[in-house]
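A.B. asks: give me a 3D structure for the following:
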Amino acid sequence: MADTSLRNRLRRLFSTNVIVRNVGGRRLKVVDTSKSQYMPTRGLIDRYKKIYSTGGAGLSGYSDNQLVKSLRLGLFRDYEAMDGDAILSSALDIYADESTMKSEYGNVLEINTPNDQIFKILHNLYYDVLNIEFNLWPWVRNMCKYGDFYLRLDVDERFGIRNVEPLSVYDVTRLENEDPENPEYVKFKLESGTSGGAAQHSISNRVEDFENYEIAHFRLLSDSNYLPYGKSMIEGGRKTWKQLSLMEDAMLIHRIMRAPEKRIFKVDIGNIPPAEVDNYMNQIIDKMKKAPVVDKATGEYNLRYNMQNITEDFFMPVRGGDSGTQVDSLPGLTYEAVEDIEYLRNKLLASLRIPKPYLGFDENVGEKATLAAEDVRFARTIERIQRIVMSELMKIGIVHLYAQGFTDEELVNFDLELMSPSTIYEQEKISLWNEKTSLASSMLTDGLLSSEWIYKNIFKFTDEEIKKEDDKIVYDYKQKFRRGQIENEGNDPSKSGESQGTPSDMAMGRTGHELEDEIGSEGGSPEGGWEGAGRPKEPSHYKKDSHVRGRDPLGAHEKKKQASSNPKYGKIMALAHLDKLKNTLKRKSDITLINEVDEIDEEYKEDVNNK
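C.D. replies: Numbering: from 1, shown residues only. Modelled structure (predicted):
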């Protein structure tokens, strides 16, 4: 029976080169947690093995792993010394600062997923368990310094990853191609006294093996010759840094040893015989250079050296003529190799790919060649570092979700994003899209080209993308109409199924009160009341379909039809004049009678006279 424990399932999951999951239909999502897609042919790996080997056994009989470790330790010692340099230390800080900037919402890491449960689990992992707001900065700095950084993941079968522990790059070895049946199998070996790193070695070192899912290996894969490890961000300036250090030391030595000025003492010896000149000069030198001192502790007499004078001064006897005793000064030698130091320093800064003003070195720039242009190139370097970090953070998230029971497409149904380090970089992207949209708008306005041509040639859309965007544009217009109805008419078409106030409604005779009639006729009672209580039902509206006699309660339409079909009733008028009624009526008391016909027939006149 196969072992179905969590650790064996995780080992099988991460024993493949990539994690493949079906996300619906024929679409796949591939997560390259070990970055095996990047790795080229193994024959290109020669940084640690081929160029130092003398046949298959490696250098001096050592195995390949021992050879690689010894060479890497030599690199790490140089990196430690380079970190003490002011320029390189500032550069490492800048790499870490720019890679871990916070977004406008105050988040270091953005988690994008349509699943709310996955979002909450991953947010708890990254911000509460890993505490990336504080820990991500030193992790990125160490990765940029050494090219590699290791985290040991404490995986629990119920809660997933509950703790992480940084490991020293001195102690961890990555082992690949150990299993001939599974060439993608990767494991890590920790050789130290404790798992705490190089600072806690004991007398008897302990060796531990870890599976691929138990170690998060952050590595800068910028050079295939350093595989399976990463290349440090300061490796390109390692040789230049050594040369610059030598030049700076030479400059300091020269200034200390040769820079002090010297004096020439010209002593007039007068008529002293030549044989006595040396004794005379020694007496003068001893008197000027040495002072008698009596040691208070021992009582011994000592000629202590007087530091106020320098031993490299010159004493020259002169005689004859007008030359008397004279003291002249000789200037110190000047160091003329400052330009060489500037040249090497510029090479070192170029290897770091950081603009000079970032490091405090001002440079003369023109009106257009400002720091913004340099900032874009630097932003690309930071983006490359961020992609490496996000790739390994995604591996940590997959391990955590798998331990909590997520499988299939839910296991990779999330994306991570770090804040872009350059606002200028974002502004250039926005400016490019503005140029494209203005060009497309002018082409459509002038009628030069069709929208399909613009989609395909300016925006590089496919036929499927064009159709998809057209459907979304129609949906946006529907939402715009819906919001306008809610704002202007108080009607939500998606709920009522009617539109109000539009020209089509007015042409059909709808005034927008149909919805009110339906709602108002319901009556009802307040919440928690009884049946029949509350506001009574609204009465039927006059000249509406809801009225008890319909839309035409006075029968005006029928009267028009009768008038047109029966000439007996004559022409219909809106109102009759009162003067005509006065002429036809005998009693003044009937003046208030108003008739709506223009000509009164004889029968009607007789009826009035009889009254």
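
A.B. asks: return the distance of residue 327 relative to residue 84.
C.D. replies: Using CB to CB, to the nearest Å, we find residue 327 at a distance of 45 Å from residue 84. All C-beta atoms are positioned from the backbone trio N, CA, C, and that covers glycine.

A.B. asks: meant to ask about residue 475, not that
C.D. replies: Residue 475 sits 60 Å away from residue 84, going by CB to CB.

A.B. asks: what packs against the helix or strand where residue 472 lies?
C.D. replies: Using DSSP states H and E, residue 472 sits in helix 463-488. On a contact count with 3 or more CB pairs under 8 Å, 6 or more residues apart in numbering; DSSP states H and E, helix 463-488 meets helix 451-457, helix 493-496.

A.B. asks: mind listing what's buried in the shortest one?
C.D. replies: Same thing as helix 493-496. Neighbour counts using 16 or more other CB atoms under 10 Å place residue 493 of helix 493-496 among the buried residues.

A.B. asks: same thing with the first one?
C.D. replies: Of the residues in helix 451-457, those buried by neighbour count under the rule 16+ other CB under 10 Å are 454-455.

A.B. asks: quick one: mean pLDDT for that helix?
C.D. replies: Here helix 451-457 scores 89 as its mean pLDDT.

A.B. asks: number the residues from 41 up from this point.
C.D. replies: From this message on, residue numbering opens at 41, which makes the last subject helix 491-497.

A.B. asks: what packs against it?
C.D. replies: Going by 3+ CB pairs under 8 Å, 6+ apart, helix 491-497 lies up against helix 463-486, helix 503-528.

A.B. asks: so which of the ones you listed gets nearest residue 315?
C.D. replies: With respect to residue 315, and counting by CB to CB, the nearest of the helices and strands packed on helix 491-497 is helix 463-486 at 83.8 Å.

A.B. asks: what packs against the closest one?
C.D. replies: Packed next to helix 463-486, using 3+ CB pairs under 8 Å, 6+ apart, are helix 411-443, helix 491-497.

A.B. asks: which of these sits most buried?
C.D. replies: Highest mean neighbour count among the helices and strands packed on helix 463-486 (mean count of other CB atoms under 10 Å): helix 411-443, with a mean of 19.

A.B. asks: tell me which helix or strand comes right after that one.
C.D. replies: strand 455-458.

A.B. asks: walk me through which strands that following strand pairs with, and which way each runs.
C.D. replies: strand 149-152 (antiparallel) (DSSP bridges).

A.B. asks: using PDB, write down the CA coordinates of the strand it pairs with.
C.D. replies: Output of strand 149-152 as PDB, limited to C-alpha atoms (Å, rounded to 0.1, in the frame of the first residue of the first chain):
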ATOM      1  CA  LEU A 149       3.300  41.900  -1.000                       C
ATOM      2  CA  GLU A 150       0.100  41.900  -3.000                       C
ATOM      3  CA  ILE A 151      -1.900  38.600  -3.100                       C
ATOM      4  CA  ASN A 152      -4.200  38.200  -6.100                       C
END
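
A.B. asks: list the buried residues of that strand.
C.D. replies: 149, 151.

A.B. asks: can you give the contact residues for that strand?
C.D. replies: 143, 159, 162-163, 166-167, 172, 176, 433, 454-459 (CB atoms under 8 Å, 6 or more residues apart in numbering).

A.B. asks: any idea which of the residues you listed is closest to residue 212?
C.D. replies: For those, the nearest to residue 212 is residue 433 (18.7 Å; CB to CB).

A.B. asks: quick one: that closest one and residue 166 touch, right?
C.D. replies: Yes - using CB atoms under 8 Å, residue 433 makes contact with residue 166 at a distance of 7.2 Å.

A.B. asks: where do the contact lists of these two overlap?
C.D. replies: 149, 172.

A.B. asks: sorry, back to before: distance to residue 391 added to the helices and strands packed on helix 503-528, as JSON lines?
C.D. replies: Below are the helices and strands packed on helix 503-528 laid out as JSON lines (distance: least, CB to CB, whole Å):
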{"stretch": "helix 491-497", "distance to residue 391": "41"}
{"stretch": "helix 533-536", "distance to residue 391": "61"}
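
A.B. asks: about what we covered before: make a ChimeraX selection of the buried ones in the contacts of strand 149-152.
C.D. replies: Typed into ChimeraX, the line below selects the buried ones among the contacts of strand 149-152, using 16+ other CB under 10 Å:
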select :162,166,172,176,433,454,456,458,459
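
A.B. asks: closest to residue 46 among the contacts of strand 149-152?
C.D. replies: Taking the contacts of strand 149-152 together and measuring to residue 46 by CB to CB, the closest member is residue 162, at 18.6 Å.

A.B. asks: the closest one: what secondary structure?
C.D. replies: The three-state assignment at residue 162 reads helix, by DSSP: H, G, I helix; E, B strand; the rest coil.

A.B. asks: per-residue confidence for it?
C.D. replies: So residue 162 comes in at 91 (pLDDT).
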